[in-house]
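A.B. asks: Here is my input, please return the structure:
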Amino acid sequence: MLLRLRISLPDRPGGLGHVARALGVLGADILQVTVLEREAGRAVDEFVVNWPGSGGPETVAERLTGVPGIRVEGVWATREVPGTAPDYDLLWHVAADPARAYATLVDALPALCAGEWAAALLGEEVRLRSPLAPEQVKLPEVLRPSTLSEGGLAYLALPAGGLTLVVARGDGPPYHRAELERAVQLVRVVSKLAEC
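C.D. replies: Residues are numbered from 1 along each chain as shown. Next up is the predicted model:
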C-alpha cells in the first residue's frame, strides 16, 4: 500500500535521519521525501512510503506518534507513484486536445493533488466533475487561490477561466500552501493551453 505521511520534526541535522530510521523499523520503504516548509525550528516533510505492514494509515500514525520530537500531521493512501511525471502527462493530454482542457484537468486533479474528487464550478453550478465528485458543491465565494476546510473535507479552490476548480480530500491533513502553489501553477499552464 502506498501511503503519504506529513510529519513535523525538529529542523536540525539528523532530524530527517531520525524519521527515516523510525519508518525503517516499522517496515516502511521510503520512496520519496518532499520538504514542504522550514520555519520556527521545525520542518514539515511529506514522505511517500510503501507500507507492507498490517493495518492502514491509522496504524502508521499511531506507531509514529510515540517517536520523540515527531508530530504526525496526517497519513493517507495515495495513488501517485514517485518517479512518474503526472504533471507532464496532464499537460501533454491538454496540449493534444485544448478544447477539453478543463475536463482533462478536473479528471486529473484528484490524483495530482492527493484528493478524492474535483469539480469545476460556475457560480454554484457544477459544470464538470470527476467520477467521485458530488452533484452539488457549496463553498464560499473564491476570489483567489485558497485552501479551505469545511464539513470534514479539505479543499483547494482555484479560480481559472471564469470557473472555480475545486479539489477535495477527506483523508489526510488540510492542504498545505506548497500543494496550493503547485496546483496554481498547473492551472495557469492549462488555462493558457486552453486559449490555444
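
A.B. asks: longest single helix anywhere in this structure?
C.D. replies: Using DSSP state H, we find that the single longest helix of the chain is helix 177-194.

A.B. asks: mind checking the SS state of residue 38?
C.D. replies: strand (DSSP: H, G, I helix; E, B strand; the rest coil).

A.B. asks: what pairs with it across the strands?
C.D. replies: Applying DSSP bridges to residue 38 gives these bridge partners: residue 43.

A.B. asks: I figured it hits residue 11, correct?
C.D. replies: Yes. Taking contacts as Cβ atoms under 8 Å, residue 38 lies within contact range of residue 11: 5.3 Å. For the C-beta atoms, the positions are set from N, CA and C on the backbone; glycine is no exception.

A.B. asks: Check which helices and strands the longest helix of the chain sits against.
C.D. replies: Packing partners of helix 177-194 (3 or more Cβ pairs under 8 Å, 6 or more residues apart in numbering; DSSP states H and E): strand 29-39, helix 86-96, helix 101-112, strand 146-150, strand 153-160.

A.B. asks: ok and it relative to helix 101-112, angle-wise?
C.D. replies: Angle of helix 177-194 versus helix 101-112, following axes from the mean of the first three to the mean of the last three Cα atoms, to 10 degrees, is 160 degrees.

A.B. asks: change the start of the numbering to 29 and stick with it
C.D. replies: Yep, numbering from 29; the last one is helix 205-222 now.

A.B. asks: residues contacting residue 164?
C.D. replies: Taking Cβ atoms under 8 Å, 6 or more residues apart in numbering as the criterion, residue 164 is in contact with 152, 154.
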